[in-house]
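Chemist: Give me a model of this one.
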Amino acid sequence: MRRLESLPMWCVATPPAIVAILFALSGLAALVAGRPLIWPQTDLTLAEAVGLRDQGEAVRLIMSGADPNRRYAVRNVFREDETLAMSPLEAAVITREVYMMELVEDYGGVIDARNGAVLQCLARALDVEDVRQFVIERSREIPCDGVPLPWKP
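Modeler: Below is the predicted model:
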């Protein structure tokens, strides 16, 4: 069995050197072209940030002017190869987390008669009673017959 000491030094030093060079080139590309080669930043919509439970990004987007009551494209968040159009409140219902509903509401998301039915029926379809009650408290209980849902569980 070969001992570690008998390995040529270049076998040990080459892989980290290649990684360092690649990251340096990626950093240079970010400075010159504005986009790194390795781990480029992905642009999230507000609904995607909410769907991913990324509270910091959701708040950043809202503070940068994103409307918490508008519909946005949601790409590959809830199912792979699926693009939907939904509001941040609808994405928050799908997360099954009341705190995400509260976050969107705290930053200007409005639950009213216009969207309450969809939110309520989506929560019912997902069998998330605490989220459904959160919506009912802010609108009113509505029958779900014929209410089109933005996402099918």
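
Chemist: residue ranges of the strands in the chain, please?
Modeler: Applying DSSP state E to the chain gives strands spanning 72-75, 83-86.

Chemist: Val50 touches Pro88, doesn't it?
Modeler: Yes - if you go by C-beta atoms under 8 Å, Val50 and Pro88 touch, sitting 4.5 Å apart. C-beta here means a position set from N, CA and C on the backbone, and glycine is covered the same way.

Chemist: residues shared between the contacts of those two?
Modeler: Ala58, Val104 (C-beta atoms under 8 Å, 6 or more residues apart in numbering).

Chemist: How many residues are close by Leu122?
Modeler: Counted with other C-beta atoms under 10 Å, the neighbours of Leu122 add up to 25.

Chemist: Ile111 contacts Arg140, doesn't it?
Modeler: No - taking C-beta under 8 Å as the definition, Ile111 is not a contact partner of Arg140, at 10.6 Å.

Chemist: Look up how far Arg96 lies from Asp130.
Modeler: 9 Å (C-beta to C-beta, to the nearest Å).

Chemist: what about these two, which has more around it?
Modeler: Neighbour tally, Asp130 and Arg96, criterion other C-beta under 10 Å: the higher count belongs to Arg96, 14 against 11.

Chemist: Once you drop chain neighbours, what's closest to the more buried one?
Modeler: Val128 (4.7 Å; C-beta to C-beta, 6 or more residues apart in numbering).

Chemist: Can you check which helix is longest in this structure?
Modeler: helix 9-33 (DSSP state H).

Chemist: What separation is there between the closest residue in space to Ala125 that isn't next to it in sequence and Asp43?
Modeler: Leaving aside its chain neighbours, Ala125 sits nearest to Pro153 (5.3 Å; criterion: C-beta to C-beta, 6+ apart). Using C-beta to C-beta, Pro153 is found at 27 Å from Asp43.
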